[in-house]
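[1] only the shape, not the letters, is given here:
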């Protein structure tokens, strides 16, 4: 398991000391830490999501802000919450470490929610009550707005740190010496997402209900209390965590690789059988760069050992010579961008407001004889419940059943699950387009063409199929994304990997806004209304859906090309080697992400291609390759 292990060139006298240092670490991590890590994220998600639905009412009511200004504030706040995880991930992976990243993020979020709660508790923090609107009402002062904005900013910043909990949790269960490691990671990612889904359901029902019926003081106090419990719960298990420390700046490393590769652009690459000409850390599993994006490999080529390498084995000028690890970190980002971009269409849609108007135009009585009417805004819960149900069915029914039928474990790689999710999203949009076509025709048939408040005889439960398909799509694609990035990226970039799926959602929302603007400006003609109208019966949202269907159809083809170009993933190569039982020549492309292949395969790999250290039975650390030992001695002499 990747912890703070420093397996490098050691003599026999140092081996016993290294063993004693590592024994306590092996007892850390594991499933015992999951309640604390998943609990931290679930409670934090419950608190943050619970603030969103009614926030615009708080801004317009308590602060008397106009609808446009209130909407802009919330849009900017949402945008910040989508982009701070990327910044927080780089800071955590480069400077703080994931433990401090999550811990500090949780603390900052608690401060932000407490400050927001104080705006409801302290009368002076808001404009005074307006008893005579005709005489004019007091506007919010700059100080009052500063307090409000500070709360929203702190919550957004804190969210950037909390997002690292996915990678931090995976660190606790990721044991490469475990033959069932792949399955353990898959279970972790699935159940992590399942508990987050449950938290969102509670937030959208319970906390919103509290705000509606008990007021803002209690409505904001509950999320603040949940955030406090989340923070305390996380720090409570601190002694149990595996804490991987990382203190190298990824952004600086990317810049150094780019500059060094340009400086060395005229160099010829040494042969793969000469790892001594590639600069690498003594404790790294990477000794030679991969073949992909070969032009970057020149950044780690040693021209002259005496002039390029210091006495401690480091590069004298890091802007002229980088390590193989640095090169592979930049490659990982570049290689994954095309596949990452395929997930953007998952968030391209008409918008939640249309779904609300659509549900209001339908009969929302579950039982015709009952007086209870389902709130229009509650139908989105169907999507969330579908995600939870399908996680359980996939994890506990489909995979075990398929494995039993085949007689061996069935594994669907994260990359394939991403594609399955895109396909189900395509089906969801087709279903939505067909349903809206039928709904609009029925509305015209019943005479509601010009009636924005008309309720059709059609049941709103017909929305359930498309919402279920959307849930299945998200279950496959988003969970697949998180697992794919985590496994394919170097360990030093796990927090960055965990933030990429959220970044795709943010970009997807921006694309949705762009598509909406284009349709609004191009579809009106000859004095007729365009496809987008306040009256959904007069508009043509069915055609709008078909445009999005076309975009997703093109994206499916784009995904197939990107998936083919990316090539096999770590797990696919590992599974093929195990199934064939043949000798596999392991490339360094996979060593930095899954270095512990089958012992027999590792023992047969060429000594000139890699340097591997193994920790066996907690008793000894031994070098496997003599050539590596000789090279280390040479570097020490230098």
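    Happy to help now that I have it. Source: prediction; values computed, not measured.
[2] C-alpha only now, for contacts and for neighbours.
    Will do.
[3] residue boundaries of the helices in the stretch 201-350 of the chain?
    208-214, 216-236, 250-263, 305-308, 324-341 (DSSP state H, counting those that start in this stretch).
[4] tabulate those helices (TSV), appending mean pLDDT.
    Formatted as TSV, those follow (pLDDT from 0 to 100):
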stretch	mean pLDDT
helix 208-214	78
helix 216-236	92
helix 250-263	86
helix 305-308	83
helix 324-341	88
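[5] any chance of the ones you listed in JSON lines, plus distance to residue 381?
    Listed next are the helices of the stretch 201-350 of the chain as JSON lines, based on distance: least, Cα to Cα, whole Å:
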{"stretch": "helix 208-214", "distance to residue 381": "13"}
{"stretch": "helix 216-236", "distance to residue 381": "20"}
{"stretch": "helix 250-263", "distance to residue 381": "39"}
{"stretch": "helix 305-308", "distance to residue 381": "60"}
{"stretch": "helix 324-341", "distance to residue 381": "27"}
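[6] with distance to residue 362 and mean neighbour count added, can I get these in a markdown table?
    Output for the helices of the stretch 201-350 of the chain, formatted as a markdown table (distance: least, Cα to Cα, whole Å; neighbours: other Cα atoms under 10 Å):
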| stretch | distance to residue 362 | mean neighbour count |
| --- | --- | --- |
| helix 208-214 | 23 | 15 |
| helix 216-236 | 30 | 21 |
| helix 250-263 | 52 | 19 |
| helix 305-308 | 73 | 14 |
| helix 324-341 | 36 | 20 |
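[7] how about those, which one is nearest residue 355?
    helix 208-214 (18.8 Å; Cα to Cα).
[8] domains for the chain, by residue range?
    Following the TED database, one gets these domains for the chain: 27-128+140-247, 250-322, 325-576.
[9] and the longest one, how far out from the chain middle?
    When you say that, I think you mean domain 325-576. 16 Å (Cα atoms, centre = their mean, to the nearest Å).
[10] so for residue 59, which of the helices of the stretch 201-350 of the chain sits nearest?
    Among the helices of the stretch 201-350 of the chain, the nearest to residue 59 by Cα to Cα is helix 216-236 (11.4 Å).
[11] look up how far residue 539 lies from residue 195.
    39 Å (Cα to Cα, to the nearest Å).
[12] try residue 166
    42 Å.
[13] more neighbours: which of those two?
    residue 166 (26 against 17; other Cα atoms under 10 Å).
[14] wait, isn't residue 88 in contact with residue 156?
    No. Between residue 88 and residue 156 there is no contact under Cα atoms under 8 Å: 10.7 Å.
[15] pLDDT averaged over stretch 535-550 - what is it?
    Mean pLDDT, stretch 535-550: 86.
[16] I meant stretch 496-506, not that one.
    Rounded mean pLDDT across stretch 496-506 is 77.
[17] go on, stretch 419-434?
    In the prediction, stretch 419-434 has an average pLDDT of 93.
[18] now do the strands in this protein.
    Per DSSP state E, the chain carries strands over the ranges 613-616, 620-623.
[19] number of residues surrounding the closest residue in space to residue 259 that isn't next to it in sequence?
    Nearest non-adjacent residue to residue 259, counting by Cα to Cα, 6 or more residues apart in numbering: residue 319, 6.3 Å away. For residue 319, the count of nearby residues is 18 (other Cα under 10 Å).
[20] surely residue 319 is in contact with residue 260?
    Yes. Between residue 319 and residue 260 a contact is recorded at 5.4 Å, counting by Cα under 8 Å.
[21] for residue 104, find the nearest of the helices of the stretch 201-350 of the chain.
    helix 216-236 (8.9 Å).
[22] which strands or helices does that closest one pack on?
    Here helix 216-236 touches helix 34-51, helix 98-121, helix 208-214, going by 3 or more Cα pairs under 8 Å, 6 or more residues apart in numbering; DSSP states H and E.
[23] and the contacts of that helix?
    With Cα atoms under 8 Å, 6 or more residues apart in numbering as the contact definition, helix 216-236 has outside contacts at 36-37, 39-41, 43-44, 46-48, 50-51, 58, 103, 106-107, 109-110, 113-114, 116-117, 120-121, 207-208, 210-212.
[24] what's the distance between it and the middle of its chain?
    With Cα atoms, centre = their mean, you get 23 Å for helix 216-236.
[25] compute the inter-axis angle for it and helix 34-51.
    160 degrees (axes from the mean of the first three to the mean of the last three Cα atoms, to 10 degrees).
[26] angle of helix 216-236 against helix 98-121?
    Using the same axes, to 10 degrees: helix 216-236 against helix 98-121 is 160 degrees.
[27] going forward, begin numbering at 55 instead of 1
    With the count now opening at 55, the last piece we talked about shows up as helix 270-290.
[28] coming back round to it: can you select the buried ones among the contacts of helix 270-290 for me in PyMOL?
    Here is the PyMOL command that selects the buried residues among the contacts of helix 270-290 (16 or more other Cα atoms under 10 Å):
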select buried, resi 90+91+93+94+95+97+98+100+101+102+104+105+157+160+161+163+164+167+168+170+171+174+175+261+262+264+265
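[29] low-scoring pLDDT stretches of the stretch 355-504 of the chain, where are they?
    Within the stretch 355-504 of the chain, the stretches with pLDDT under 70 are 405-408, 410, 422-424, 429-431.
[30] fine by me, thanks again.
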